[in-house]
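> Pasting the sequence and the predicted model now:
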Amino acid sequence: MDTDVTEPDHPRPETADDASPFGPVGVIGAGAMGAGIAQVAATAGHAVTLVDAAPGAAAGAVEKISAALSRLVDKGRLSTDDARAVLERITPAEGLDELPNCGLVIEAVPEDLELKRRIFAELADRQPSTTLLATNTSSIDIDDIAAEVVDPERVLGLHFFNPPPVMQLVEVVHGDRTAQAFVEHATALMTAWGKTPVRCSSTPGFIVNRVARPFYGEAQRIVEEGIADAATVDWVLREKGGFPMGPFELTDFIGQDVNLAVGTSVWEQTGRDERYAPTALQQGLVEAGRLGRKSGRGVYPYAADGSIDRSVEGGEPDVELAERLVGGPVATDPLARTLAMLVNEAVDLVARGEADAADVDTAMRLGTRYPKGPIQWGREIGFDVVARQVAELDEVHPGGRYRPSPALTDGSLS
């Protein structure tokens, strides 16, 4: 993986041992992600200052953390004394001026570039030059966020997954100007926190949100093409592919609006590459207010308890059709088509030097709960087979979406 990045002119931690593993941590933003990150840091032994400009927001988040810790105690996963100690390490605050000197500050505010730039510029002025400044952004370029920071070499991404106390994966994302020493320091620190860090450059969508696009996009196109309905596609990916949820079940769970926004962001950041173009199907769902489980209807209708109402027409899969499609031509086989495009996307990312193969597989298994990483899948299927499958898709659907990655056949991943 390419981590040839700028070295700073001022002192910085050479390794994780140069800064106390229990040094103060600041978390900016007391929403679900910020509160979760604060809980993780405090559980790892850090004194944490949780900052939110909205009056009472940080204090309210601490109350929610207290409730979460109580549930862990009730389940026998945490002792009462340990829960109390974690909570006592978290201090709510309403301004950046209330932060002590920290070894690490993590920003977890809404995805607003100008807001993030202002926060990072102020943090850089207030915090020591050795403080690691991290953003939890899932989509914004790290160098754009650091544009107004005097020493951008200490700015990087620590992209946690929701909910942070449960999800193991953290994407450690470096910009072009991030110093290697800070990347290594952040990686070691996340390991010390009990997380599994993977490294990548600041490419659109990073690893998980970039590589996962075909899982949703191919399913939507298969339905648009009239090959199968949503329930049948979900059944194939779940029962034949081993995915924990089908793509339509998953986007309904995430929120069709949220999933569309992430996909649109990747599409825009890649110069509107046809590979990531939003589908009319998903755009139509969002425009109709069919956002998924949270709105009571998305691809599927939902009962009061949040379960899919299978009694409505289209709720049950056509298993006979599914069995016919699997093993047939790749263009009409939901599983083969999805896997081919997942492998193609992952191989492209590795070939561009944006992450290494092992980190891509780890990220997709932990971040999306795929049964296998796409590079591993590619090796098992055969990269040459995947290349032929993608080329076949390109013949059926010309236009650039289905262009095979040259790395599938150049031997670099064999």
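Received, thanks. Numbers count the residues shown, from 1 in each chain.

> Quick one: low-confidence residue ranges for this structure.
1-22, 414 (pLDDT under 70).

> How is it divided into domains?
Annotated domains of the chain cover 16-201, 210-408 [automatic domain parsing].

> Mind putting the ones you listed into a markdown table with mean neighbour count?
For glycine as for every other residue, the C-beta is placed from the backbone atoms N, C-alpha and C. Listed next are the domains of the chain as a markdown table, based on neighbours: other C-beta atoms under 10 Å:
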| stretch | mean neighbour count |
| --- | --- |
| domain 16-201 | 19 |
| domain 210-408 | 19 |
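
> Show me the contact partners of stretch 301-318.
By C-beta atoms under 8 Å, 6 or more residues apart in numbering, the surrounding residues in contact with stretch 301-318 are 228-232, 234-235, 249, 252, 292-293, 296, 300.

> which residue sits farthest out from the middle of this protein?
Within the chain, Glu320 marks the point farthest from the mean C-alpha position, 34.9 Å out by C-alpha atoms, centre = their mean.

> Regarding it, which helix or strand does it belong to?
helix 319-325 (DSSP states H and E).

> so after that helix, what's the next helix or strand?
Downstream of helix 319-325, the next assigned helix or strand under DSSP H and E is helix 334-351.

> tell me what that following helix is packed against?
Packing partners of helix 334-351 (3 or more C-beta pairs under 8 Å, 6 or more residues apart in numbering; DSSP states H and E): helix 208-211, helix 213-224, helix 357-368, helix 374-381, helix 383-396.

> Quick check: which helices or strands does the fourth one pack against?
With contacts defined as 3+ C-beta pairs under 8 Å, 6+ apart, the packing partners of helix 374-381 are helix 334-351, helix 357-368.

> go on, the first one?
Contact analysis of helix 208-211 by 3+ C-beta pairs under 8 Å, 6+ apart lists helix 256-269, helix 334-351, helix 357-368 as its packing neighbours.

> before we move on, back to that, distance of the residue farthest from the centre of the chain from Leu133?
According to C-beta to C-beta, to the nearest Å, Glu320 stands 56 Å off from Leu133.

> What ranges does this structure have for its strands?
For the chain, the strands defined by DSSP state E occupy 25-28, 48-51, 90-93, 104-107, 132-135, 155-160, 169-174, 196-201.

> I'd like a version of those strands in TSV, one that adds distance to Met364 as further columns.
As requested, the strands of the chain are exported to TSV (distance: least, C-beta to C-beta, whole Å):
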stretch	distance to Met364
strand 25-28	27
strand 48-51	30
strand 90-93	32
strand 104-107	23
strand 132-135	22
strand 155-160	14
strand 169-174	9
strand 196-201	10
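
> of all those, which lies closest to Thr338?
Closest to Thr338 of these, according to C-beta to C-beta: strand 169-174, at 21.2 Å.

> one step back: so what does the helix holding Glu320 touch, helix or strand wise?
helix 230-235.

> contact partners of the helix it packs on?
Contacts of helix 230-235 with the rest of the structure, by C-beta under 8 Å, 6+ apart, involve 219, 222-223, 245-249, 299-300, 314-319, 321-322, 325, 334.
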